[in-house]
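In: Here is my input; please provide its structure:
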Amino acid sequence: MKKQIFFRGFWPAFAVIMLFAAFTLQNKPTVYIIGDSTVQNTGKGQAGWGTYLIDFLDSNKVNVSNQAAAGRSTRTFIKEGRWDKVLSTLKPGDYVFMQFGHNEGAKPSTTDRFGARGVLRGTGNDTLELIWPSGEKEVVYTYGHYLRRFIREAKAKGATPVVLSMIPRNQWVNGKVKRADNDYGKWAKEAAELDGALFVDLNKITADKYDIMGPEKVKELFPGDHTHTNQAGARINAASVAEGLRLQKQLTKYLR
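Out: You can find the predicted model right below:
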């Protein structure tokens, strides 16, 4: 009799626990990451930091969805519908981490595959109208304009936007890593400030580490070129993201 009572009480309680667990899992905030190949990379021997960010977060409290794609710029990420895909599942309490800047430098006035990635420099309201061979018209905006669109539309969905400056390349000037504080890093910060987004100076945090490591050690992190890191380099950058969040006193309850 006691055994029957035990099992009769056990299954309803177990069902409640499972339902609560499922509800908690579904309602955890999600960190969506958008960006380029330095964030998401499937190339042989290469890796993006977005793959390893979860190692620095508590997966019991937060999900990570890495939506970055190789070769994309702020402009093409929107034009290809990738941003709309993120927006379609974005919910209040989520976060959007955005790191671009490596593919924006192509001339935006050319109507070819590489020109399609280019943006106008800065954060102003400058525009350029293009007519593609197909007859399609496209208005090209500044780097800051596209970032500010991500910021505003993420906020409209109740999410928190986090702008990150681009990771540094393996380029050196007078014994120091070349930084992005006069172009894309600077404009990323300006865009964040203009629309009230969080900003993590990923470029500076990792560049400071590279300066300490020195050119020979840093070279080991870039197996094929000066832009794309291997797994070890990607982990360094993911750690830098976590450090930047701590410096800003943001998402600390989710950090390991």
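
In: Identify the residues contacting Ile151.
Out: The contact partners of Ile151, taken as CB atoms under 8 Å, 6 or more residues apart in numbering, are 161, 163, 191-192, 195-197. Any C-beta I mention is one placed from the backbone N, CA and C, and that applies to glycine too.

In: Which helix or strand lies directly C-terminal to the helix or strand harbouring it?
Out: In this assignment (DSSP states H and E), Ile151 forms part of helix 143-156. Reading on from helix 143-156 to the C-terminus, the next helix or strand found by DSSP H and E is strand 160-164.

In: filter the contacts of Ile151 to the buried ones?
Out: 161, 163, 191-192, 195, 197 (16 or more other CB atoms under 10 Å).

In: contacting residues for the closest residue to Asn63 other than its chain neighbours?
Out: Excluding its sequence neighbours, the residue lying closest to Asn63 (CB to CB, 6 or more residues apart in numbering) is Thr30, at 4.3 Å. Taking CB under 8 Å, 6+ apart as the criterion, Thr30 is in contact with 62-65, 89, 91, 94-95.

In: do that again at 10 Å, thanks
Out: By CB atoms under 10 Å, 6 or more residues apart in numbering, the contact list for Thr30 reads 62-65, 86, 89-91, 93-96, 159.

In: Repeat that for Thr38.
Out: Thr38 makes contact with 46-50, 68, 70, 99-103, 166-169, 202, 227-229, 233-234, 237, according to CB under 10 Å, 6+ apart.

In: If we use 6 Å, what do you get?
Out: Residues near Thr38 by CB atoms under 6 Å, 6 or more residues apart in numbering: 48, 102, 167.
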